[in-house]
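> Quick one, what's the 3D model for this:
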Amino acid sequence: LADATIVDGDASLADMCTQHVTVVDTVRPEVPTFGDVQALMSGDCQYEIPDLRDLVLASTTDNCEVDESYFVQSPSAASLYPQTSSEQRVDVSVEVKDVSGNIRMATITVVIPANELLAKAPDDVSVCRGASVLLSSEVENPNGDVSYVWSNGSTSKDITVSPNTTTTYEVTVTDANGCT
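This is a model prediction of the structure:
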């Protein structure tokens, strides 16, 4: 609510009156278009939706003022999604409001990368009794560092074995996000 003084053409005080004028802001905030946002590794071969609040509010403009106490995100931050063999694209709806109550909704795409972890075991080998052989596992497309656990309990990338009988060795490779 604003006061405005209106004076007729002769500008005499006798002809002056005060009117009350209500100004209503109907302009919604502007949320820019964002490129894809990467999901966050969460462990256990899962990714989580990031909290988009700071990103969105820092970039939102309004003719008056953005109400920074109001922000809605769906799916919410920290929602978990399993990492699969295919890239996933999750549309996250965000909602902002200005101090006059005008609301704007926008959609931001969050990308969950494909789990392309591939462990290659060595080919079968023959070794004479009492002789040793080096077994090595190769890993492609890990998310960060990897850990190894061989069926004999060893935790290194390569193991040297000297079996006395026909023995099968297996290796489990786990990346930084917990995918095996």
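> By mean pLDDT, flag the weakest helix or strand of this protein.
In the chain, no helix or strand scores lower on mean pLDDT, DSSP states H and E than strand 2-7, which sits at a mean of 56.
> Distance check, the closest residue to residue 176 other than its chain neighbours against residue 43.
Counting by Cβ to Cβ, 6 or more residues apart in numbering, residue 144 is the residue found nearest to residue 176 once chain neighbours are left out, at 2.9 Å. To be clear about C-beta, it is placed using only N, CA and C from the backbone, and glycine gets the same treatment. Per Cβ to Cβ, to the nearest Å, residue 144 is found 11 Å from residue 43.
> same check, this time on residue 18
From residue 18 across to residue 43, the span is 66 Å (Cβ to Cβ).
> The two: who's more crowded?
residue 43 (12 against 9; other Cβ atoms under 10 Å).
> low pLDDT regions in the protein?
The chain contains residues with pLDDT under 70 at 1-17.
> Now for the spatially most central residue of it: which residues touch it?
A centroid search over the chain (Cα atoms, centre = their mean) returns residue 39, at 2.3 Å, as the residue closest to the centre. Applying Cβ atoms under 8 Å, 6 or more residues apart in numbering, we find residue 39 in contact with 47, 48, 49, 50, 81, 90, 110, 111, 112, 113.
> hang on, residue 81 packs against residue 88?
Yes. Between residue 81 and residue 88 there is a contact at 6.3 Å, judged by Cβ atoms under 8 Å.
> and for the two, which residues touch both?
With Cβ under 8 Å, 6+ apart as the test, residue 81 and residue 88 both reach residue 112.
> Mind listing residues that contact stretch 162-178?
41-47, 83, 117, 119, 121, 127, 129-133, 135, 137, 139, 142-152, 159, 161, 180.
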